[in-house]
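1. based on what follows, work out the 3D shape:
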Amino acid sequence: MTMIPAVFRIEQDILDALKAAAAASEQDTSAYLRAILVRELGSVPTNHTATASGRHAKGTQHDALRAQFSQAESWPDLRYRLAVHGCHLRRRKTGLAVFDDESGDQMGWIIEFDAPYPILATRFGAPYPGMA
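-> Coordinates of the predicted model:
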């Protein structure tokens with residue numbers, strides 16, 4: 001994926017909210033915004049779907065995992081649901097990511113499964129173990 005710099009104007013209150021949400025999910029602001037844009041646009045014009053990390057989405061498996069994030073009721077429940085699909089969560093320097101158990105490959109950041117960290121932490125009533 002080729003990345004080009006982009007400059008645009010954004011209201012300060014929206015920028016502040018974007019920075020806060022990115023920090024809460026332990027991602028840099030540009031990666032967080034990129035994930036939102038990819039999710040909202042749905043696909044990249046090069047005839048493939050890309051995630052914010054530049055990896056190709058896994059189609060139906062990605063959709064199945066997205067459903068698990070939306071249905072989980074707690075962090076242990078989410079870990080169990082992901083394990084059933086052969087995946088696990090791992091804390092990374094910039095946030096939480098989903099990894100394939102078999103290959104060890106990162107499948108995407110949790111935001112790429114429509115599950116921003118602040119929303120999950122609020123819904124589950126607790127931060128992810130080991131995260132403040």
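2. all helices for the chain, in order.
-> Residue ranges of the helices in the chain, as given by DSSP state H, are 12-24, 29-41, 60-71, 75-84, 117-124.
3. go ahead and flag the most central residue of the chain.
-> Centrality entry for the chain: nearest residue to the mean C-alpha point is I111, 2.1 Å, by C-alpha atoms, centre = their mean.
4. who does R92 form a beta bridge with?
-> When bridges are called by DSSP bridges, R92 pairs up with G95.
5. look up how far Q106 lies from it.
-> Distance from R92 to Q106, counting by C-beta to C-beta, to the nearest Å: 8 Å. C-beta here means a position set from N, CA and C on the backbone, and glycine is covered the same way.
6. and V98, by the same measure?
-> In this structure, V98 and Q106 are separated by 7 Å, where distance is defined by C-beta to C-beta.
7. re earlier: I'd like the helices of the chain written out as a markdown table, with distance to M131, mean neighbour count and mean pLDDT added.
-> Output for the helices of the chain, formatted as a markdown table (distance: least, C-beta to C-beta, whole Å; neighbours: other C-beta atoms under 10 Å; pLDDT from 0 to 100):
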| stretch | distance to M131 | mean neighbour count | mean pLDDT |
| --- | --- | --- | --- |
| helix 12-24 | 10 | 13 | 78 |
| helix 29-41 | 16 | 16 | 67 |
| helix 60-71 | 16 | 15 | 89 |
| helix 75-84 | 10 | 15 | 93 |
| helix 117-124 | 8 | 16 | 92 |
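8. TSV for those helices, including distance to A132?
-> TSV is the format used below for the helices of the chain (distance: least, C-beta to C-beta, whole Å):
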stretch	distance to A132
helix 12-24	10
helix 29-41	18
helix 60-71	21
helix 75-84	14
helix 117-124	10
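9. pLDDT wise, what is the residue nearest to the centre of the chain at?
-> I111 carries a pLDDT value of 90.
10. next one: it from R9, what distance?
-> Noted for I111: a distance of 24 Å to R9, by C-beta to C-beta.
11. picking up where we left off before, quick one: which of V98 and Q106 has more around it?
-> Regarding V98 and Q106, a neighbour count based on other C-beta atoms under 10 Å identifies V98 as having more, with 23 against 15.
12. just give the closest residue to that one, not the sequence neighbours.
-> Using C-beta to C-beta, 6 or more residues apart in numbering and skipping the chain neighbours, the partner closest in space to V98 is M107 (4.6 Å).
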